[in-house]
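J.: Quick one, fold the following:
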Amino acid sequence: MNTPPDDLPIYRVLTGPDDSKFCRRVSEALALGYQLYGSPSMTFNGETVIVAQAVLWPTAKS
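T.: Numbers count the residues shown, from 1 in each chain. Predicted structure coming up:
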């Protein structure tokens, strides 16, 4: 498949609280065929750890 399914963009940044729901979202993106792009980022908003992970559709890499 040359393009992501369901009209998804080739580059996505997934963000959210550091919990199992976030991990499932990243896992689902990987199962669709996305690849991790760069390192994850983490911050603390005073109550919760917030994480971010970029994913890239493989044909978009140069």
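J.: So for Leu14, what's the pLDDT?
T.: With respect to pLDDT, Leu14 scores 98.
J.: and it, which of the three is it?
T.: Following DSSP: H, G, I helix; E, B strand; the rest coil, Leu14 is assigned to strand.
J.: 3 is where my numbering starts, stick with that
T.: All set: I'll call the first residue 3, so the last point we hit is now Leu16.
J.: Correct me if wrong: it contacts Val28.
T.: Yes: contact criterion Cβ atoms under 8 Å: Leu16 and Val28 qualify, at 5.8 Å. All C-beta spots, glycine's among them, are computed from the backbone N, C-alpha and C.
J.: joint contacts of these two?
T.: 55, 57 (Cβ atoms under 8 Å, 6 or more residues apart in numbering).
J.: all strands in this protein, in order from the N-terminus.
T.: 13-19, 37-46, 51-58 (DSSP state E).
J.: any chance of those strands in a markdown table, plus distance to Asn4?
T.: A markdown table is the format used below for the strands of the chain (distance: least, Cβ to Cβ, whole Å):
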| stretch | distance to Asn4 |
| --- | --- |
| strand 13-19 | 15 |
| strand 37-46 | 15 |
| strand 51-58 | 14 |
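J.: want to throw those strands into CSV with mean neighbour count?
T.: CSV is the format used below for the strands of the chain (neighbours: other Cβ atoms under 10 Å):
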stretch, mean neighbour count
strand 13-19, 14
strand 37-46, 12
strand 51-58, 18
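J.: Could you give the backbone dihedrals for the residue of the chain positioned farthest from its centre?
T.: Relative to the centre of the chain, the most outlying C-alpha is that of Gly48, 23.2 Å out, by Cα atoms, centre = their mean. Phi and psi for Gly48, reported as degrees, to the nearest 10, are phi 100, psi -20.
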